[in-house]
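A.B. asks: what follows is a predicted structure for the sequence shown.
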Amino acid sequence: MLFFIFTTGICNLRCDYCGGSFSERMVPAKPVYDMGSLLKFLEDTYPVSIAFYGGEPLLNAKFISAFMDRFDAERYIIQTNGLLIDRLDPAYWRRMDTILLSIDGVEYVTDKHRGIGVYDTVVRSARKLRLIGFEGDLVARMTATEDTDIYRDVYHLVELNLFDHIHWQLNVVWSPPWSNFEEWCRSYLDGLVRLLDLWVYKMEDEGRVLGIAPFQGCLKRILLGGSAPPCGAGVDAYAISTDGSILACPIAVDVEWGRLGDIRLDRFGELKKAPEIGEPCTSCIEFRVCGGRCLYAYMERLWGLEGFRKVCSITLSMISLLKSRLDTIIDSLESHGLSLDDITYPLFNNSVEIIP
């Protein structure tokens, strides 16, 4: 079981695809419940993985250290913009299993959307985390925008040789519909082909599995299936907001369907049932692999049904590309003495959204 814990609703950046901080009316700046209520609720569901979330979670680093002092989670995860890592003592960083740092690829793209100097700071933070002894999974978490060249930006992050895995999400939930979305999709799919060619080549030639999370996660679902939605929202992943409310999904802070209970009032088994993915997804030939992509996007469809289907077409294309190379991938693994465990990802729900 995975729980996202909001440490704050405030962010120290104003990235142009999310706007920065939540309204304090929606997500208070700090937890308004007592720590004991949170611990009691979580103990009923143990063992659990904890993902610290925000806003920018390190703006309330004292909460993180206090919580980790009192609760022995099965795994610890944090999603951070990487600008404030000095606020948390190295001893706590070394206890993390997965750290997701927000970086969008090359410096120009990252700084354009996140702020001048962000790229350099995140790269320094990634290096420092290794220097202070973090040995877990370091993930570059990209947001793909109209400026993204998926091959260029992912390959750049691979070449930095800092990150174990690279993941991207498409900026197609809250943003207004892109004026050139169809054209961008063609370029994006061309880039995916080049990226997949590189990924397969590295396996065939070197026995090296590049940590390209969407390929690995999608391949895992092609071979093994999985939950719907693939992130586990409302199934085996929940979020706890700073107001004590329990959410089906960490981005579902503004919708009534996302609120399932309260840590001070409800035990886990008493929570309201989260919405399930239905049509048009359940009739899709690739539903077993895609799993509906994203519960929030499915429920809200802020681009309308037509826009929702356009994004689906990208997912279907990626699945088709991977299936077309499946035999080659498996042969490459076998020829280098690797197993499926060496390529499928993630091995546990570490908050990486499998389907972009």
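C.D. replies: Done, it's in. Residues are numbered from 1 along each chain as shown.

A.B. asks: quick one: the strands in the stretch 101-250 of the chain?
C.D. replies: 137-144, 165-170, 237-240, 245-247 (DSSP state E, counting those that start in this stretch).

A.B. asks: okay if I get those strands as JSON lines plus mean neighbour count and mean pLDDT?
C.D. replies: Every residue, glycine included, has its C-beta placed from N, CA and C. Shown next, in JSON lines, are those (neighbours: other Cβ atoms under 10 Å; pLDDT from 0 to 100):
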{"stretch": "strand 137-144", "mean neighbour count": "24", "mean pLDDT": "97"}
{"stretch": "strand 165-170", "mean neighbour count": "23", "mean pLDDT": "97"}
{"stretch": "strand 237-240", "mean neighbour count": "24", "mean pLDDT": "98"}
{"stretch": "strand 245-247", "mean neighbour count": "22", "mean pLDDT": "98"}
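
A.B. asks: can you lay out these as a markdown table showing distance to residue 192?
C.D. replies: Shown next, in a markdown table, are the strands of the stretch 101-250 of the chain (distance: least, Cβ to Cβ, whole Å):
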| stretch | distance to residue 192 |
| --- | --- |
| strand 137-144 | 11 |
| strand 165-170 | 11 |
| strand 237-240 | 26 |
| strand 245-247 | 32 |
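
A.B. asks: which of the ones you listed sits closest to residue 208?
C.D. replies: When the strands of the stretch 101-250 of the chain are compared by Cβ to Cβ, strand 165-170 sits nearest residue 208, at 13.7 Å.

A.B. asks: what's the angle from that closest one to strand 137-144?
C.D. replies: Per axes from the mean of the first three to the mean of the last three Cα atoms, to 10 degrees, the angle that strand 165-170 makes with strand 137-144 is 20 degrees.

A.B. asks: ok, back up a step: which one of the strands of the stretch 101-250 of the chain lies closest to residue 62?
C.D. replies: Residue 62 lies closest to strand 237-240 among those, at 17.3 Å (Cβ to Cβ).

A.B. asks: please enumerate residues in contact with the closest one?
C.D. replies: Residues from elsewhere that reach strand 237-240 (Cβ atoms under 8 Å, 6 or more residues apart in numbering): 1-6, 38, 41, 53, 231, 246-250, 252, 260, 263, 271, 349, 351.

A.B. asks: just the C-alpha atoms of it, please, in CSV.
C.D. replies: Extracted C-alpha coordinates of strand 237-240, given in CSV (Å, rounded to 0.1, in the frame of the first residue of the first chain):
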residue,chain,number,x,y,z
ALA,A,237,-2.5,4.1,-3.5
TYR,A,238,-4.1,7.0,-1.6
ALA,A,239,-3.1,10.5,-0.5
ILE,A,240,-3.5,12.2,2.9
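
A.B. asks: quick one, what contacts the spatially most central residue of the chain?
C.D. replies: Taking Cα atoms, centre = their mean, the centroid of the chain lies closest to residue 352, which sits 3.2 Å from it. Neighbouring residues of residue 352 by Cβ under 8 Å, 6+ apart: 98, 100, 139, 141, 165, 167, 213, 217, 345-346.

A.B. asks: quick one, grab the pLDDT at the closest residue to residue 344 other than its chain neighbours.
C.D. replies: Distances taken as Cβ to Cβ, 6 or more residues apart in numbering place residue 220 nearest to residue 344, at 3.9 Å, with adjacent residues excluded. Reported pLDDT at residue 220 in the predicted model: 94.
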